[in-house]
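> This is the structure alone, sequence omitted:
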């Protein structure tokens, strides 16, 4: 509606024809100061007729009979609105204007050209995927070549160990044969020559080893973490080799001195022993380094799943392990889902789900895109119980496995999903052996990992691969409840497979029920077999909920219901379950006084939350004015909410808040308008927070903008925010 009123091309409509009919109806409702606007019923009939047969249709196919029926219905509405039937009827036979016909043909041609451009883009994308595949194959060949180089390095290291042991034995023998000068000199000369030959061989082998290392370094140009580790190890080994070469040179110099100083055997032998000790130390260091390299290679090989280990992990879970998983799920839903805490700042408001749950109005969309009441179906459990096998349509049998449920913020989607999981844990949905209730705003990876991170204890006696294998083998007995697909972050979308699950690209025979806000994730959900819409409470259901809330004080419930009946604005607000709860809390906290509209309702709630926080932290409050530091914290929350809406962001990093709002951060985080959350990373735990509900984020953002406009120093920035909201250019 906002985009219709204020289009981004700056062409503001100057007549009612450019406006949305629903917005016009709302404006006509609010404009009269006394009484009711004329033709209210007929206008509403016209609005509904337009939305059902033009605005929200999915197909333009229309039979002759249906057209005549709709023409008759539209004519009656226009006549009731004061039109002349004699002027309306001739339009049935009127021809389309030639200019409009040419315009529509031009539009069709543009759409065709657009489709052709999309096809070309898809072809280019396929070529890119083929190129990526070839690159992956080349990378695989490089990895195999690297493995061969590592094997050669290992063999060279083993030969180096053998040469070192042989060298030690020869040196020990040389030390023992020093009694006879002449024989010792000859023996020393002989052993020196042998030692020199051994050193040359060692130098040669070291050169070969260095060449192998350089070859490995060259082959590893396209790899990442594994290559960097091997390069670091090779560099360390090269340094040790250089150290060994230097020690060998020292030994060679010592031998040459011994040969030149043959008359003093004792001094030569002592010098030789010192050099031998140095060589032994170098060999020990080299041996320790080689052992470290072996350990690193062993841990690296263990981190890569071999065929046998992978085969063991893919073994299906045992019957006992599966039973343990199902028992853990039922225990979780029976305990955590059994109570509802609708307002986190009210610690004493912890309601029993069975006692306060009130049925919601549900509508089902038919094949022509029209929503109809569902009759006896009043909960998500009813939907699933009524779709046990198949649905018949035009003598064609199709299996119903993917169900889409949408509803406005606060309408009861999450609570209905919670009730569905709770019903399964109580045996009311025994159609399924396993039910996995996943919240999309917590999703950070694959569905397989999310099951363990969100639902199962750490010491569960099965692996993700084993549980996934069980799910694949029992797909018809498994239900996934995916709550809030519209809250899935863009980062998670790039790595998760949850959309593939919804669209049947994986686990195509599993049952999936997914919720979202209206007009969100349309492409992700277009392949769902059935489409339901939660429309909120009827007046009777709203009354039942209020009576349940005030079950210990029936007179309060009666007064509140009388007050709502006398206030049209509030009676329309309470069809939303969240607003219904807020009205009850405000009525209870404000001595049975209510606001006059929705904005005032949220204002009173925020003020109540702030006062509760002040009382809890012993911050004095004078009359009805909040302390400066609390007002400053509310301003920070408003700025945070506004920036989040600008970037389509629901979660906020706690460390970022502490850094940016240093003095107000604690009050912002603990006041009660934000709820704590954390990432599910096993490497680094990162803490996040979100607003109680998306409607609170919207209100706090509006509060922030209004405060900017009130202050002269920031009024220009506030006006820019208004321009952004309504799509008005600053020019």
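That came through, no problem. This is a predicted model, so every value here is computed, not measured.
> just the helices in the stretch 51-200 of the chain please.
For the stretch 51-200 of the chain, applying DSSP state H, counting those that start in this stretch gives helices covering 64-80, 85-88, 98-176, 181-219.
> helices or strands next to the third one in the packing?
Helix 98-176 makes packing contacts with helix 181-219, helix 225-260, helix 265-303 when contacts are defined by 3 or more C-beta pairs under 8 Å, 6 or more residues apart in numbering; DSSP states H and E. The way it works is simple: take the backbone N, C-alpha and C, and place the C-beta from them, glycine included.
> which residues touch stretch 616-635?
Defining contact as C-beta atoms under 8 Å, 6 or more residues apart in numbering, one finds that stretch 616-635 is touched by 606-607, 610-611, 613-615, 663-664, 667-668, 671, 700, 703-704, 707.
> The same query, at a cut-off of 10 Å, please.
345, 347, 606-607, 609-611, 613-615, 661, 663-673, 700, 703-704, 707-708 (C-beta atoms under 10 Å, 6 or more residues apart in numbering).
> Which among those residues count as buried?
Using 16 or more other C-beta atoms under 10 Å as the burial test, these include 345, 606-607, 609-611, 613-614, 661, 664-665, 667-669, 671-673, 700, 703-704, 707-708 as buried.
> hang on, residue 533 in a helix?
No - assessed with DSSP: H, G, I helix; E, B strand; the rest coil, residue 533 is strand; it does not lie in a helix.
> Quick one: neighbours of it, just the number.
Residue 533 has 18 neighbours, counted by other C-beta atoms under 10 Å.
> Identify the residues contacting it.
361-365, 371, 374, 404-408, 411, 518.
> ok, of the helices and strands packed on helix 98-176, where does mean pLDDT dip lowest?
Ranked by mean pLDDT, the helices and strands packed on helix 98-176 end with helix 265-303 in last place, scoring a mean of 51.
> distance of the residue nearest to residue 351 when sequence neighbours are not counted from residue 326?
Leaving out its chain neighbours, the residue that sits closest to residue 351 by C-beta to C-beta, 6 or more residues apart in numbering is residue 340, at 4.8 Å. In this view, residue 340 and residue 326 are 24 Å apart by C-beta to C-beta, to the nearest Å.
> buried sites along stretch 704-722?
704-705, 707-708, 718, 721.
> for stretch 508-521, same thing?
For stretch 508-521, by 16+ other C-beta under 10 Å, it's 510-517, 521.
> One more: stretch 135-142?
For stretch 135-142, using 16+ other C-beta under 10 Å, the buried residues are residue 142.
> I'd like the average pLDDT over it.
On average, stretch 135-142 scores 85.
> Same question for stretch 718-727.
The pLDDT scores in stretch 718-727 average 72.
> cool, stretch 330-342 as well?
84.
> Ok, stretch 453-464 next?
90.
> Mind listing what's buried along it?
Quick answer for stretch 453-464 (16+ other C-beta under 10 Å): 453-456, 460, 462-464.
> Quote the end-to-end distance of it.
The first and last residues of stretch 453-464 sit 10 Å apart, counting by C-alpha to C-alpha, to the nearest Å.
> what's the answer for stretch 520-537, then?
End-to-end distance of stretch 520-537 (C-alpha to C-alpha): 22 Å.
> Can you mark which positions in it are buried?
In stretch 520-537, counting by 16+ other C-beta under 10 Å, buried: 521, 524-525, 528-537.
> avg pLDDT for it?
Here the average pLDDT along stretch 520-537 is 84.
> if we can go back for a sec, with the buried residues of stretch 520-537 in mind, which one is nearest to residue 499?
Nearest to residue 499 out of those is residue 524 (C-beta to C-beta; 5.0 Å).
> Contacts only, for that closest one.
404, 485-486, 488, 493, 498-499, 502-503, 514, 516.
> Pick out the most distant pair among those residues.
Farthest-apart pair in the contacts of residue 524 is 404 and 493; separation 17.7 Å (C-beta to C-beta).
> what about those two, which has more around it?
residue 404 (23 against 12).
> Return the residues in contact with the nearest residue to that one once chain neighbours are set aside.
Excluding the flanking residues, the one nearest residue 404 by C-beta to C-beta, 6+ apart is residue 528, at 3.9 Å. Residue 528 sits next to 400-405, 502-504, 512-514 when contact means C-beta under 10 Å, 6+ apart.
> how near is residue 610 to residue 674?
In terms of C-beta to C-beta, residue 610 sits 13 Å off from residue 674.
> List phi and psi for the residue nearest to residue 476 when sequence neighbours are not counted.
Closest residue in space to residue 476, ignoring its immediate chain neighbours: residue 509 at 5.5 Å, by C-beta to C-beta, 6+ apart. Here is the backbone geometry of residue 509 (degrees, to the nearest 10): phi -100, psi 0.
> Residue 509 against residue 472, yeah?
Yes - counting by C-beta atoms under 10 Å, residue 509 touches residue 472, with 9.2 Å between them.
> Quick check: neighbours shared by the two?
Residues touching both residue 509 and residue 472 by C-beta under 10 Å, 6+ apart: residue 478.
> Checking my notes, residue 437 in a strand, right?
Yes - assessed with three-state DSSP, residue 437 lies in a strand.
> confidence score at it?
pLDDT, residue 437: 95.
> so what's it bridging to?
Here residue 437 sits in beta bridges with residue 481, going by DSSP bridges.
> Which residue ranges of the stretch 601-731 of the chain form strands?
Applying DSSP state E, counting those that start in this stretch to the stretch 601-731 of the chain gives strands spanning 652-653, 674-678, 687-691.
> Worst mean pLDDT among those?
strand 674-678 has the lowest average pLDDT among those, namely a mean of 67.
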